[in-house]
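Asks: pasting the sequence and the predicted model now:
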Amino acid sequence: MDGQVDRSGVAHIIHEARELSVHPEFDTALIEYTSDLIQFRKSQRHLNKIIAQQHRFRIIGYLLHRHAVKWLNDQRGGVTYTELAQACATYDSSPRHLKTMLGLMQVVGFVKVERDPDDNRRKFYVPTDRLMRFVRKRVMCAAISLDILHPRLRCSQILMEDKMAVVRLWATGGFEFALGPAMNEALPVFFPFFRGREGGAPLTFALMYAHFNGCECPSRSAIAAQFGLSKTQVTNLVHEGAELGLFTLDAKGAPSPTTLMHESYRQLVSIELAFFARHIRGFPSA
């Protein structure tokens, strides 16, 4: 699977996503997932620069994937800069993005640098316990919603009881699905905004959650404060989303989701949940 997307796995995920989207409890799971992601993002707003854009997610995902594969095979792990640079080239992310991201990850304590005992010139970037706890919290958001849809999978229980579940998830799923190519193909308008624009994801969560509950969207200032953004960033995102046909704006400039955004968001969540269902237990059948 190294260096290429597992197309058979992606096909399985897309098929399972369609099944999940018509589940009688999908709307309940969708609202729960959105609420949990809002709480996760708000609790991690000091890490906004780390989780703000898709190319940064991909670097984290590939680092975790390569580390997990090695660790499960020989108990060592760690990833070299060369390995990460090759992945970035595959996903069209620049060396500048990689260097910036590695620097940020070291500053916040997500990775540590270890030297090769056989060659001191060679460095390995190794995920820390802090990064693994961060990832576990993110995966738990999906596990709780999967418990609504498929209680027998016991996804949240597995994550709580099995410390290696997250490592296995990234070992099997890291290259197959980095929330990148498959999403871009399925959601060509929505996904680049959602993942490619800094703040696009939390703005979407806030807007959709208000929509689900029949409430007005929080003010731009409130969204900025909750998710570690600036009011200018939120304002720019609102106008960009409106230009893309994802929002409509009322006379006061408050955004509301369009049918395109609503349907796109449902599809995105169904794909994400299908991915986690496949990999939390190691290709479970749902």
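Replies: Thanks, I have it. Residues are numbered from 1 along each chain as shown.

Asks: tell me which residues of stretch 210-228 are tucked away?
Replies: For stretch 210-228, a neighbour-count test (16 or more other C-beta atoms under 10 Å) marks Ala210, His211, Cys217, Pro218, Arg220, Ile223, Ala224, Ala225, Gln226, Phe227, Gly228 as buried. No exception for glycine: its C-beta is placed from N, CA and C like everyone else's.

Asks: please identify the helix or strand for the first one.
Replies: Read that as Ala210. helix 200-212 (DSSP states H and E).

Asks: please identify the buried residues of that helix?
Replies: Gly200, Ala201, Pro202, Leu203, Thr204, Phe205, Ala206, Leu207, Met208, Tyr209, Ala210, His211.

Asks: list the contacts for the spatially closest residue to the third one that is not a sequence neighbour?
Replies: Going back to what we said before, that points to Pro202. In space, and not counting its chain neighbours, Pro202 is closest to Phe227: 3.9 Å by C-beta to C-beta, 6 or more residues apart in numbering. When contacts are counted by C-beta atoms under 8 Å, 6 or more residues apart in numbering, Phe227 touches Arg41, Lys42, Arg45, Asn48, Gly199, Pro202, Leu203, Ala206.

Asks: now with 7 Å?
Replies: In this structure, Phe227 makes contact with Arg41, Lys42, Arg45, Asn48, Gly199, Pro202, judged by C-beta atoms under 7 Å, 6 or more residues apart in numbering.

Asks: what of Ser221?
Replies: Lys231.

Asks: tally of neighbours for the nearest residue to Leu187 once chain neighbours are set aside?
Replies: Counting by C-beta to C-beta, 6+ apart, the nearest residue to Leu187 once its immediate chain neighbours are dropped is Ser264, at 5.1 Å. Applying the criterion other C-beta atoms under 10 Å, we find 23 residues in the vicinity of Ser264.

Asks: check which helix or strand covers Ser264.
Replies: helix 259-280.

Asks: also Pro24?
Replies: Pro24 is located outside every helix and strand, with elements delineated by DSSP H and E.

Asks: please renumber the chain so that the first residue is 21 from this point on.
Replies: Got it, the first residue is 21 from now on, which makes the last one we talked about Pro44.

Asks: for it, phi and psi?
Replies: phi -60, psi -30 (degrees, to the nearest 10).

Asks: give me the neighbour count for it.
Replies: For Pro44, the number of neighbouring residues by other C-beta under 10 Å comes to 7.

Asks: check contacts around Thr120.
Replies: Taking C-beta under 7 Å, 6+ apart, we find Thr120 in contact with no residue.

Asks: for Tyr229, see how far away it is.
Replies: For Thr120, the distance to Tyr229 equals 31 Å [C-beta to C-beta, to the nearest Å].

Asks: now swap in Thr54 and tell me
Replies: Distance from Thr54 to Tyr229, by C-beta to C-beta: 5 Å.

Asks: then Val133?
Replies: Counting by C-beta to C-beta, the gap from Val133 to Tyr229 is 39 Å.

Asks: mind showing which ranges of the protein have poor pLDDT?
Replies: Low-confidence segments of the chain, defined by pLDDT under 70, span residues 21-29, 72-75, 95, 110-113, 194-202, 302-306.

Asks: angles on the backbone of the residue of it most remote from its centre, please.
Replies: The outermost residue of the chain, judged by C-alpha distance from the chain's mean C-alpha position using C-alpha atoms, centre = their mean, is Asp138 at 35.5 Å. Backbone geometry at Asp138, expressed as degrees, to the nearest 10, gives phi -90, psi -10.

Asks: check the one 4 residues further on too.
Replies: Backbone torsions for Arg142, taken as degrees, to the nearest 10, come to phi -100, psi 130.

Asks: coming back round to it: can you redo the buried residues of stretch 230-248 as a markdown table with distance to Arg298 and secondary structure?
Replies: A markdown table is the format used below for the buried residues of stretch 230-248 (distance: C-beta to C-beta, whole Å; DSSP: H, G, I helix; E, B strand; the rest coil):
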| residue | distance to Arg298 | secondary structure |
| --- | --- | --- |
| Ala230 | 31 | helix |
| His231 | 28 | helix |
| Cys237 | 33 | coil |
| Pro238 | 34 | coil |
| Arg240 | 37 | helix |
| Ile243 | 32 | helix |
| Ala244 | 35 | helix |
| Ala245 | 36 | helix |
| Gln246 | 31 | helix |
| Phe247 | 29 | helix |
| Gly248 | 31 | coil |
